[in-house]
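1. I need the structure of the sequence given here:
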Amino acid sequence: MKGLLYKDFQLILNKFSYIQRVFLLLVAILVTLFFKEEGTLFLAMILPLSLAALPTSLLASDHENGWEYFVGVFPIPKEKIVLARYLFCFMVTLLVGGAVFALSLVAHALFGRYSLELHLIIIGVGLLFGMLYVVILLPFIYAFGTFGNTIVNIIFLALIMGGVYALQKTSFGANFIAWLAKTNNILLIIGIVSLFLSITLISLKTATSVYARTFID
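-> The predicted structure follows:
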């Protein structure tokens, strides 16, 4: 498992040079300085989602290096190969989330315009959507290659448009907000985490089954 995680880590390092990584860090700091807390809230939402397509880049690199044929020589369980990809994507997303959290603490201490609770909520929502995108994406890219990313983009776009329509044209938005206000926060978090874990397990099983048929003879 460590070797599989290390392989993906090296693939990412090879795609982003040291100068590019420093540049991205400087951009994040400048966004925080110029746009203050609004900048960190923006980063908290956009960065996890920008990393959500990471499995597509990893899969493309695997194709270029002939990894699917190479790994078939070794007695590595297919479940472990797929699980390592899930774990790596989650680890990178959480790492970025931790960096944004550190920036949020600094911005909150310097400017104090928004509550720390709001920062935590936005960071949590960003991480949840980023990891949810990964969970939905992985089975599709194992089944359809890099085109799977396009399919999931269309699905998410349709869901967002449907959600916006429901909020504007129906009473769903007001009822949903009223329901959230009455729901215990701890129970709400437990429910969200339980639902996410259930979706992840289904995704993992599906991705493993697809991977076994597609990439290993």
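
2. what is the host helix or strand of T200 packed up against?
-> Counting by DSSP states H and E, the element that carries T200 is helix 185-214. Judged by 3 or more C-beta pairs under 8 Å, 6 or more residues apart in numbering; DSSP states H and E, helix 185-214 is in contact with helix 78-110, helix 116-144. Just so you know, the C-beta spots here come from the backbone N, C-alpha and C atoms, and that holds for glycine as well.

3. quick check: buried residues in the shortest one?
-> Using 16 or more other C-beta atoms under 10 Å as the burial criterion, the residues of helix 116-144 that qualify are 119, 122-123, 126-128, 130-143.

4. what lies in contact with the following helix or strand past that helix?
-> As assigned by DSSP H and E, the chain's next helix or strand after helix 116-144 is helix 147-169. The contact list for helix 147-169, computed with C-beta atoms under 8 Å, 6 or more residues apart in numbering, reads 53, 56, 133, 136-137, 139-142, 144, 172-173.

5. for those residues, give me JSON lines that also has distance to L4.
-> What follows is the contacts of helix 147-169, written out as JSON lines (distance: C-beta to C-beta, whole Å):
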{"residue": "A53", "distance to L4": "20"}
{"residue": "T56", "distance to L4": "18"}
{"residue": "Y133", "distance to L4": "21"}
{"residue": "I136", "distance to L4": "22"}
{"residue": "L137", "distance to L4": "18"}
{"residue": "P139", "distance to L4": "18"}
{"residue": "F140", "distance to L4": "21"}
{"residue": "I141", "distance to L4": "17"}
{"residue": "Y142", "distance to L4": "15"}
{"residue": "F144", "distance to L4": "22"}
{"residue": "F172", "distance to L4": "43"}
{"residue": "G173", "distance to L4": "43"}
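
6. ok, which pair from the residues you listed is furthest apart?
-> The span of the contacts of helix 147-169, defined through C-beta to C-beta, is set by Y142 and G173 at 35.5 Å.

7. ok, the residue positioned nearest the centre of the chain - contacts?
-> Central residue of the chain (C-alpha atoms, centre = their mean): G130, 2.7 Å from the mean position. If you count contacts by C-beta under 8 Å, 6+ apart, G130 has them with 47-49, 51-52, 93, 97.

8. same question for L105.
-> Contacts of L105 (C-beta under 8 Å, 6+ apart): 116, 119.

9. ok, 10 Å please
-> Contacts for L105 (C-beta atoms under 10 Å, 6 or more residues apart in numbering) come out as 40, 116, 119.

10. and the pLDDT at the last one?
-> The per-residue pLDDT reported for H119 equals 82.

11. from D8, how far out is it?
-> Distance check for H119 against D8: by C-beta to C-beta, to the nearest Å, it reads 30 Å.
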